[in-house]
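In: predicted coordinates and the sequence they were generated for:
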Amino acid sequence: MNSNSNVIPLKKADRFILCRGTMGPDEELVEYEQVGVAYLKPGAKTFRVKLWMFPGQSYFMAPANENSTEYTLLSLEEFQSQSTEKKSSWQKIGKGEFVGLHIKMRFHLLSEDVYLCLFPDEKQFEEFYAAS
């Protein structure tokens, strides 16, 4: 009996390429190089952003409001308070906006824009297997 007969693949998250580049006059991106990845879980609205220059850190990109085409880039700071209670604080670190088939991300401390391709990276999508 095949032990995988009752196992179905479930998508963990879609993976999106982050790159730096130049936007052409017809809103077509001329990519220079890949600089990271972003993940979006099915049904979620907030991307988890990983820049390769900061390998141990995750950032987040959430819609600025319900009907907006703008995004807010955030970092999450977690710390222990004096009462040993775990607390967290969101810090705004940039913004994003739709440009053609990408989201242009502007981080406060980076001089170059980073672009998120709105089409998931089909070559490297992640799956895990769960029993049905």
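Out: Structure received.

In: thought Phe16 was touching Leu118?
Out: Yes. In this structure, Phe16 is within contact of Leu118 by CB atoms under 8 Å, at 7.3 Å. C-beta here means a position set from N, CA and C on the backbone, and glycine is covered the same way.

In: okay, those two: which has more neighbours?
Out: Counted by other CB atoms under 10 Å, Phe16 and Leu118 do not tie: Phe16 has more neighbours, with 20 against 11.

In: contacts only, for the more buried one.
Out: 37-40, 47, 116-121 (CB atoms under 8 Å, 6 or more residues apart in numbering).

In: now it. Nearest residue, chain neighbours left out?
Out: Spatial nearest neighbour of Phe16, chain neighbours left out: Ala38 (4.4 Å); criterion: CB to CB, 6 or more residues apart in numbering.

In: who touches the helix or strand where that neighbour lies?
Out: Assessed by DSSP states H and E, Ala38 sits inside strand 29-40. If you take CB under 8 Å, 6+ apart as the criterion, strand 29-40 is touched by 13-24, 46-53, 61, 100-102, 114-117, 121.

In: where's the most centrally placed residue in the chain relative to Leu51, distance?
Out: In the chain, the centroid-proximal residue (CA atoms, centre = their mean) is Ala38; its distance is 2.9 Å. Applying CB to CB, to the nearest Å, the value for Ala38 to Leu51 is 10 Å.

In: now for the two: what residues contact both?
Out: Leu18.

In: surely Met105 and Val99 touch.
Out: No. Counting by CB under 8 Å, Met105 does not reach Val99; the two are 10.1 Å apart.

In: between these two, which contacts overlap?
Out: Joint contacts of Met105 and Val99 (CB under 8 Å, 6+ apart) are Tyr115.

In: could you check which of these two is surrounded by more residues?
Out: Met105 (26 against 14).
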